[in-house]
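>>> the following block contains a protein sequence and its predicted model.
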Amino acid sequence: MSKDELDKLIQTKILSNFKTWVQQFFEGQLVSITKCQRCERRSTREETFMNLSVDIEKNTSLSHCLKKFSTKELLNLGDKFFCESCNTKQVATRQMMIKMRPKLLLIHLKRFKMNFQTMQHQKLSYRIPYPTILHIEDNQIYKEDIVEEETKS
């Protein structure tokens, strides 16, 4: 066994079980699901997160911002997705979902947006109301068996 293989084995089998207290409380997991509109091939990518960065809008709540975070977006024009089955860039949909909730969820409100007329960042001073207890709805949580059924139909 080479040193690289041994390092990888130690990293995946042993060290992955040891987490700092910050990771134990704040680490969650996201899944990005991208589906080609031409061949309907679905690809998923998982990533860990310590906080969720959500876009804000005027006259909306935190619950609405979280729903919008998990809404499917269309990738077209300059944002087309490279489909490995079609071997070209294609129109696709992408959806971010929470696979594993952290014990404590940190939410970062994106309070700046780019103003393309002035080419400067503009601060958004919108009031964003939030509930005392935040409920993340089932359609924002990734469940592999449900997503597989949606793909088949």
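Sure thing, it's come through.

>>> got a list of what the most centrally placed residue in the chain touches?
By C-alpha atoms, centre = their mean, the chain has its centre lying nearest to Met96, at 3.7 Å. Each residue near Met96 by C-beta atoms under 8 Å, 6 or more residues apart in numbering is listed here: Leu30, Val31, Ser32, Ile33, Phe69, Ser70. C-beta: built from backbone N, CA, C; applies to glycine.

>>> does the second one touch Met100 like I think?
No. Using C-beta atoms under 8 Å, Val31 is not in contact with Met100; the gap is 9.3 Å.

>>> so between the two, which is more surrounded?
Ranked by neighbour count (other C-beta atoms under 10 Å), Val31 and Met100 place Val31 first, with 18 against 14.

>>> for this structure, what helix or strand is lowest in average pLDDT?
Each helix and strand of the chain was given a mean pLDDT (mean pLDDT, DSSP states H and E); the minimum falls on helix 144-152 at a mean of 54.

>>> which residues of this protein score low on pLDDT?
15-16, 139, 145-153 (pLDDT under 70).

>>> ok, and for whichever strand or helix holds Ile33, which residues are buried?
In the assignment (DSSP states H and E), Ile33 maps to strand 28-36. By neighbour count on 16 or more other C-beta atoms under 10 Å, the buried set for strand 28-36 is Gly28, Leu30, Val31, Ile33, Thr34, Lys35, Cys36.

>>> closest to Gln120 out of those residues?
When those are ranked by distance to Gln120 (C-beta to C-beta), Leu30 comes first, at 30.2 Å.
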